[in-house]
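**Student:** I would like to see how this sequence folds:
(4 chains)
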Protein chains: 4
Amino acid sequence: MNNDNTLRRLKTIEGHLKGVIRMVEEDAYCIDVIRQIQAVEAALNKVSSQILESHLNSCVITAIQGDDASERERVLQEITEVFEMANKV
Amino acid sequence: MNNDNTLRRLKTIEGHLKGVIRMVEEDAYCIDVIRQIQAVEAALNKVSSQILESHLNSCVITAIQGDDASERERVLQEITEVFEMANKV
Amino acid sequence: MNNDNTLRRLKTIEGHLKGVIRMVEEDAYCIDVIRQIQAVEAALNKVSSQILESHLNSCVITAIQGDDASERERVLQEITEVFEMANKV
Amino acid sequence: MNNDNTLRRLKTIEGHLKGVIRMVEEDAYCIDVIRQIQAVEAALNKVSSQILESHLNSCVITAIQGDDASERERVLQEITEVFEMANKV
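**Tutor:** Numbering: from 1, shown residues only, chains lettered A, B, ... in the order given. Next comes the predicted model:
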């Protein structure tokens, strides 16, 4: 995966989450805290999508073009699983 | 895709949704209606995952093993898009 | 709840879902089917929010202004529950 | 809100997120990273629900039992908004 870009985004999200923690420490208004948590989640969704995109364009292509049928199946199964989970979080 | 199974599930969901409509017509308790709508959504998520699974095991394998690079790219791009959308609905 | 508006929306969604079933019957492209299912879910989310809104402005106000502490608690507990579920579907 | 419990949970999530960053730094398998991000999101959903619960049992009760109609409306509107957003992240 494109580590640099992913790392940068995750560190920004870490900063955002620290901000949320500070809000709670300073007894911020509940709804504002929830909104910031939701913003963190939206940012995490974005990172997940990018990681999936680069995964599809590397490992998945390699596996599907490879000769190992069980590896192919495993790789595709994983995508269905993270998709299913994406619907839930 | 495995049409029969998908169709059967979608028709069950249609029946479920008709039940929700009936609840509203009969002035059911709001929270019960919301819960049933959420159950419909959970069932729709399940169908989506199954459709994606069979798509991965057919069209996606064909495209990736094929010679058309732009087709390959298109097919993978679509997966990222529905994944991104799955995070939002 | 505002039954007329809710009913109208739910019936539109029912029509949308019937369209999805037709797509599957006619063997439409998997990704297009998934996208339409996601559109149905987005519409269901919208209806849920509206039902919750009118619930808050009727039953919830009545319960909270009423004298029955356990009823108050029940009504608030339900909101947390549908919120928690909303995060999952 | 119950600050201590919320803070403890958020700090645990911060630790979890740091773990995700470490995984990316060490070039972990994409799907494993996505799964951990989804676990972080599930934990954030849990915290949001708890914050909402305590908000309902404090500010919301106070506002609804109070005399200020516009404050009441504002507080209820916020709940609909975070519910709507919960459906999207």
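**Student:** is the top helix by length along chain A anywhere near chain C?
**Tutor:** Scanning chain A for the helix with the most residues, using DSSP state H, yields helix A:30-55. No. Helix A:30-55 stays clear of chain C (Cβ under 8 Å from any Cβ of the partner chain), getting no nearer than 8.7 Å. Using the backbone N, CA and C atoms, a C-beta is placed for each residue, glycine as well.
**Student:** C-terminal to that helix, what's the next element?
**Tutor:** Counting by DSSP states H and E, the next helix or strand C-terminal to helix A:30-55 is helix A:61-65.
**Student:** Now do that next one: which elements does it pack against?
**Tutor:** Under the contact definition 3 or more Cβ pairs under 8 Å, 6 or more residues apart in numbering or on different chains; DSSP states H and E, helix A:61-65 sits against helix A:69-86, helix B:61-65.
**Student:** In it, which residues are buried?
**Tutor:** A:I61, A:A63, A:I64 (16 or more other Cβ atoms under 10 Å in any protein chain shown).
**Student:** Next, format those as JSON lines and append pLDDT.
**Tutor:** What follows is those, written out as JSON lines (pLDDT from 0 to 100):
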{"residue": "A:I61", "pLDDT": "92"}
{"residue": "A:A63", "pLDDT": "92"}
{"residue": "A:I64", "pLDDT": "92"}
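**Student:** which of the residues you listed lies closest to chain C?
**Tutor:** Nearest to chain C among these: A:I64, at 16.5 Å, using Cβ to the nearest Cβ.
**Student:** give me every residue that touches that closest one.
**Tutor:** A:R72, A:V75, A:L76, B:V60, B:I61, B:I64, B:Q65 (Cβ atoms under 8 Å, 6 or more residues apart in numbering or on different chains).
**Student:** Over to A:D32?
**Tutor:** Contact analysis of A:D32 by Cβ under 8 Å, 6+ apart lists A:M23.
**Student:** And it, how far from A:A39?
**Tutor:** Separation of A:D32 from A:A39 (Cβ to Cβ, to the nearest Å): 11 Å.
**Student:** Assign a three-state SS to the residue lying farthest from the centre of chain A, would you?
**Tutor:** Distance from the C-alpha centroid of chain A, by Cα atoms, centre = their mean, peaks at A:D67 (29.4 Å). With DSSP: H, G, I helix; E, B strand; the rest coil as the basis, A:D67 sits in coil.
**Student:** For chain C, what's the nearest residue on chain A?
**Tutor:** Taking Cβ to the nearest Cβ, chain C has its nearest neighbour within chain A at A:K88, 5.0 Å off.
**Student:** Return the distance of A:K88 relative to B:V89.
**Tutor:** The gap separating A:K88 from B:V89 is 11 Å, by Cβ to Cβ.
**Student:** end-to-end on stretch A:19-30?
**Tutor:** The stretch stretch A:19-30 measures 14 Å between its terminal residues, going by Cα to Cα, to the nearest Å.
**Student:** what's it in contact with?
**Tutor:** Stretch A:19-30 has contacts (Cβ under 8 Å, 6+ apart) with A:32-33, A:36-37, A:40, D:1, D:3, D:6-7, D:10-11, D:14, D:51-52, D:54-55, D:59.
**Student:** What mean pLDDT does that stretch get?
**Tutor:** Averaging pLDDT along stretch A:19-30 gives 96.
**Student:** Report the buried residues of that stretch.
**Tutor:** A:V20, A:I21, A:M23, A:V24, A:C30.
**Student:** For it, what is the distance to the chain centroid?
**Tutor:** Average the C-alpha atoms of stretch A:19-30, do the same for its chain, and the two points are 24 Å apart (Cα atoms, centre = their mean, to the nearest Å).
**Student:** and A:I37, what is it in contact with?
**Tutor:** Residues in contact with A:I37 (Cβ under 8 Å, 6+ apart) are A:V20, D:L44, D:V47, D:S48, D:I51.
**Student:** which residue is nearest the middle of chain A?
**Tutor:** Geometric centre of chain A, nearest residue: A:S48, 2.4 Å, by Cα atoms, centre = their mean.
**Student:** On the pLDDT front, check it for me.
**Tutor:** 96.
**Student:** these two touch, right, it and A:A86?
**Tutor:** Yes. The criterion here is Cβ atoms under 8 Å, and A:S48 meets it with A:A86 at 7.1 Å.
**Student:** Common neighbours of the two, please.
**Tutor:** By Cβ under 8 Å, 6+ apart, the residues touching both A:S48 and A:A86 are B:F83, B:N87, D:Q38.
**Student:** ok, now which ones touch A:I61?
**Tutor:** B:I64, B:R72, B:L76.
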